[in-house]
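Chemist: Task: produce atomic coordinates for the following.
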Amino acid sequence: MAFAPSSPITGATQTGLTSPTYTVTTDSNPDNNGKQVYVSALGGTQTGVLSHSVAAPFTLSMFRPKALKALAPVNPVTGVLRNVPMNTYKVITRKGVLPLAGQSYKTAVLSTELGIPAGSDLADPLSLRAAISAHIGLLSQISNELGNSVVTGTI
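Modeler: Model prediction:
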């Protein structure tokens, strides 16, 4: 799997974080179809933010389908595909956060799921790359606004 983030990861703009970076270290695989890193050190100004620990995890993971699906043959009479299965990939970030001062950490889970129609990797790879590029570009562009939304409950 091509999941091998370079370290440190430069964080996107967020109110209260100045030039955030995240030093990542390879972690044991959470599953045989996944890879994971943990945040071993923080850079920039991130007052009150903790790197990974048992009590407050800070991990980034990627998973591919356990069994990749392929296209079935087309119907010999109609020439139409009977079924287009989906291959689902996931990128998950887990971060321990305090729900209330003095309480135990709870884990926030951020997940991006990519449902990719089987066969499109061969028939239309550039459109897949464009979709991923636009998705990540949007998340990067709206990083601060997304942070504001989850803090204020507004969009």
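Chemist: so what does the longest helix anywhere in the chain touch, helix or strand wise?
Modeler: Determined from DSSP state H, the single longest helix within the chain is helix 125-141. Under the contact criterion of 3 or more C-beta pairs under 8 Å, 6 or more residues apart in numbering; DSSP states H and E, helix 125-141 touches strand 106-117, helix 120-123. Placement of C-beta: from N, CA and C, glycine included.
Chemist: Give me the next element, helix or strand, following it.
Modeler: The first helix or strand that comes after helix 125-141 along the chain, using DSSP states H and E, is helix 143-152.
Chemist: Give me the sheet partners of the helix or strand in which residue 22 is found and which way each runs.
Modeler: Element membership of residue 22 [criterion: DSSP H and E] is strand 18-26. Its sheet considered, strand 18-26 pairs with strand 9-10 (antiparallel), strand 34-45 (antiparallel) by DSSP bridges.
Chemist: most neighbours per residue, which of those strands?
Modeler: strand 34-45 (a mean of 17; mean count of other C-beta atoms under 10 Å).
Chemist: Show me the shaky parts of the chain.
Modeler: 1 (pLDDT under 70).
Chemist: which residue is nearest the centroid of this protein?
Modeler: Taking C-alpha atoms, centre = their mean, the centroid of the chain lies closest to residue 91, which sits 2.8 Å from it.
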